[in-house]
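Novice: My questions are about this predicted structure, shown below with the sequence.
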Amino acid sequence: MPSNTEITTSQLTRLVGLPNAPTIVDVRTPEDFEADPRLLPATQRRDFRSVATWAAGLAGRNVVVVCQKGLKLSQGVTAWLLHEGIRAETLEGGFEAWRDAGGLLVKTGKLPPRDAAGRTVWVTRARPKVDRIACPWLIRRFVDPQAVFLFVAAAEVPAVADRFQATPFDIDGVFWSHRGERCTFDTMIEEFGLASGPLDRLATIIRGADTARLDLAPQAAGLLAASLGLSRMHRDDLEQLAAGLALYDAFYRWSRDATEETHNWPSGPKPA
């Protein structure tokens with residue numbers, strides 16, 4: 001049974017991918033990280049030895065600290081964060097317990113470089129509809145919660161990527177884009193190693209809405225309609241992104257938790 005400063009893998013699994021998910025901090029040693037350079041979803045890598053210098057930056061957040069086995073490093077960092085008044089827990093069993101339980105792990109080999117503030121920076125075409133909202137949602141919820149997204153004229157995406165050290169996505173001729181009949185969201189799931197039942201189900205819906213294959217999933221038409229409606233409601237692409245995140249949060253929770261649920265008007269007694 002975990003202590004009152006520990007969280008189990010099953011408890012954390014239920015929180016991953018949600019807008020109120022805790023901030024996960026990986027404090028494994030460089031040697032342990034190099035042996036398996038994957039991360040729990042939306043994780044920050046930090047040096048346990050300098051916790052006193054970076055702890056204040058986590059003020060106001062719920063934090064889960066992860067080391068290799070959930071022992072001295074993560075428990076020490078958790079204790080320090082608690083000393084600083086930060087709500088923090090240690091992942092029981094650490095990285096090994098999460099890995100052995102089959103928890104999602106993000107491949108970091110293709111992760112873009114981070115800016116001076118520790119954020120990944122992405123750039124794509126302005127006036128997003130489906131894929132260009134879905135991909136930022138996936139990145140914010142599972143890869144980098146602080147990621148920056150730049151929306152510019154289509155012709156300027158390559159130049160902006162070069163001048164601002166941003167990673168282009170969802171345009172022709174770049175790594176993060178459509179591949180055959182699969183859309184950019186599919187590419188990101190594959191390259192980041194995020195394949196799972198809920199995300200794969202969501203990917204099918206997104207692919208149907210984004211590529212005019214509404215036959216792929218009954219929900220694709222609804223997602224397309226909502227996406228087009230949002231694009232008409234918001235002239236500001238960042239405002240549309242903020243609204244779209246909530247839309248994809250809802251579709252993800254349905255894909256994860258509610259696919260078997262139905263909703264019907266309750267039938268009362270028949271008139272005599």
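Specialist: Alright, I've got the coordinates. Numbers count the residues shown, from 1 in each chain.
Novice: can you give me the strands for the stretch 1-150 of the chain?
Specialist: Per DSSP state E, counting those that start in this stretch, the stretch 1-150 of the chain carries strands over the ranges 6-7, 23-26, 38-39, 43-45, 62-66, 87-91, 106-107, 121-125, 148-152.
Novice: Redo those as a markdown table? Include mean neighbour count.
Specialist: C-beta: built from backbone N, CA, C; applies to glycine. Shown next, in a markdown table, are the strands of the stretch 1-150 of the chain (neighbours: other C-beta atoms under 10 Å):
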| stretch | mean neighbour count |
| --- | --- |
| strand 6-7 | 20 |
| strand 23-26 | 23 |
| strand 38-39 | 20 |
| strand 43-45 | 18 |
| strand 62-66 | 24 |
| strand 87-91 | 24 |
| strand 106-107 | 18 |
| strand 121-125 | 23 |
| strand 148-152 | 19 |
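Novice: Of those, give the one that comes closest to D257.
Specialist: strand 6-7 (19.5 Å; C-beta to C-beta).
Novice: The closest one pairs with which strands?
Specialist: Sheet pairing for strand 6-7, assigned by DSSP bridges, gives strand 87-91 (parallel).
Novice: quick one: contacts of the strand it pairs with?
Specialist: With contact meaning C-beta atoms under 8 Å, 6 or more residues apart in numbering, strand 87-91 is reached by 5-7, 9, 12, 22, 24, 40, 58, 61-66, 70, 74-75, 77-78, 81-82, 97-98.
Novice: The closest residue to G70 other than its chain neighbours - how many residues pack around it?
Specialist: Once flanking residues are discounted, G70 sits nearest to G94: 3.5 Å by C-beta to C-beta, 6 or more residues apart in numbering. Neighbourhood size, G94 [other C-beta atoms under 10 Å]: 24.
Novice: mind listing what's buried in the helix or strand harbouring Q240?
Specialist: In this assignment (DSSP states H and E), Q240 forms part of helix 237-253. Neighbour counts over helix 237-253 (16 or more other C-beta atoms under 10 Å) mark D237, Q240, L241, G244, L245, L247, Y248, D249, F251, Y252 as buried.
Novice: pretty sure the third one contacts I133?
Specialist: Yes - taking C-beta atoms under 8 Å as the contact criterion, L241 and I133 are neighbours in contact, 6.1 Å apart.
Novice: Between the strands of the stretch 1-150 of the chain, which one is closest to G173.
Specialist: Of all the strands of the stretch 1-150 of the chain, it is strand 121-125 that lies closest to G173, at 13.0 Å by C-beta to C-beta.
Novice: Walk me through which strands that closest one pairs with, and which way each runs.
Specialist: strand 148-152 (parallel), strand 167-168 (parallel).
Novice: between that strand and helix 237-253, what angle do the directions make?
Specialist: Angle of strand 121-125 versus helix 237-253, following axes from the mean of the first three to the mean of the last three C-alpha atoms, to 10 degrees, is 100 degrees.
Novice: What ranges in the stretch 51-200 of the chain fall below the confidence cut-off?
Specialist: For the stretch 51-200 of the chain, no stretch is flagged by pLDDT under 70.
Novice: those helices in it, which residues are they?
Specialist: Listed in chain order, the helices of the stretch 51-200 of the chain (DSSP state H, counting those that start in this stretch) span 51-54, 72-83, 94-100, 131-138, 157-163, 184-192, 197-210.
Novice: Turn these into TSV, columns for distance to V16.
Specialist: Converted to TSV, these look like this (distance: least, C-beta to C-beta, whole Å):
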stretch	distance to V16
helix 51-54	22
helix 72-83	17
helix 94-100	10
helix 131-138	13
helix 157-163	29
helix 184-192	13
helix 197-210	11
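Novice: Can you say which of the ones you listed is packed in most?
Specialist: Highest mean neighbour count of the helices of the stretch 51-200 of the chain: helix 131-138, a mean of 25 (counted as mean count of other C-beta atoms under 10 Å).
Novice: Kindly export that helix (C-alpha atoms) in PDB.
Specialist: Only the C-alpha atoms of helix 131-138 are listed here, as PDB (Å, rounded to 0.1, in the frame of the first residue of the first chain):
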ATOM      1  CA  ASP A 131      -5.000  17.800 -37.900                       C
ATOM      2  CA  ARG A 132      -3.500  21.200 -36.900                       C
ATOM      3  CA  ILE A 133      -5.500  21.200 -33.800                       C
ATOM      4  CA  ALA A 134      -5.400  17.500 -33.000                       C
ATOM      5  CA  CYS A 135      -1.600  17.400 -33.200                       C
ATOM      6  CA  PRO A 136      -1.100  20.300 -30.700                       C
ATOM      7  CA  TRP A 137      -3.500  18.600 -28.400                       C
ATOM      8  CA  LEU A 138      -1.500  15.400 -28.500                       C
END
